[in-house]
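**Student:** need coordinates for the below:
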Amino acid sequence: MQWKPIVRPVIYNGQIYSTRVTWTFGNHDGFFHSGIDISNLHKLCYSPTQIKIIEVRKINNGKNPGGVLGEDDKFLYEFLHVESQLCDGDKINGGDLIGTFTAGERGHAPHLHFGLYDKRLKKYIDPLPIIGRNCYGISEVSV
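**Tutor:** So this is what the prediction gives:
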């Protein structure tokens, strides 16, 4: 499967601003983080592949961070802390715009939480090795 970038590096005033993973997948002091958090200067995220949108969550006064849930035959995709114009049932291709990062709960800076649920294994998996560091344009991980 050919994956498209879900975020892209930004060139501003001749400088390349990379995408950063700000929180990794897995257990963190008794808290299980079901994906990776990504920050990026332009705050846009894109579909990595062809997916069907199964739920669009609207932002609700900071209580619901908003987001988009999608699926294909193998995975469920979580794009959280995202404001989107997509609708339930939309079918989108790899590289299509999902939405714009918003501020997360607890006053965090705008970021994307990207989670990947493997339907066959019936559990969340670390998306970074699956999609690949180069696909994100990620040049550094700061946790």
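
**Student:** tell me where the model's unsure across the chain.
**Tutor:** 1-6, 8-18, 41, 59-65, 104-108, 132-143 (pLDDT under 70).

**Student:** may I see the buried residues of stretch 110-120?
**Tutor:** 111, 112, 113, 114, 115, 116, 117 (16 or more other C-beta atoms under 10 Å). Quick note: C-beta positions are derived from backbone N, CA and C, even for glycine.

**Student:** can you name every helix or strand that the host helix or strand of the second one contacts?
**Tutor:** Assigning secondary structure by DSSP states H and E places residue 112 in strand 110-118. Contact partners of strand 110-118 among helices and strands, from 3 or more C-beta pairs under 8 Å, 6 or more residues apart in numbering; DSSP states H and E: strand 35-39, strand 75-80, strand 97-103, strand 123-125, helix 127-131.

**Student:** so that strand versus strand 75-80, what angle?
**Tutor:** 160 degrees (axes from the mean of the first three to the mean of the last three C-alpha atoms, to 10 degrees).

**Student:** to residue 47, which of the helices and strands packed on strand 110-118 lies closest?
**Tutor:** The closest of those to residue 47 is strand 97-103. By C-beta to C-beta, the value is 5.7 Å.

**Student:** partners of that closest one, with directions?
**Tutor:** For strand 97-103, the paired strands and their directions (DSSP bridges) are strand 44-46 (antiparallel), strand 82-83 (antiparallel), strand 110-118 (antiparallel).
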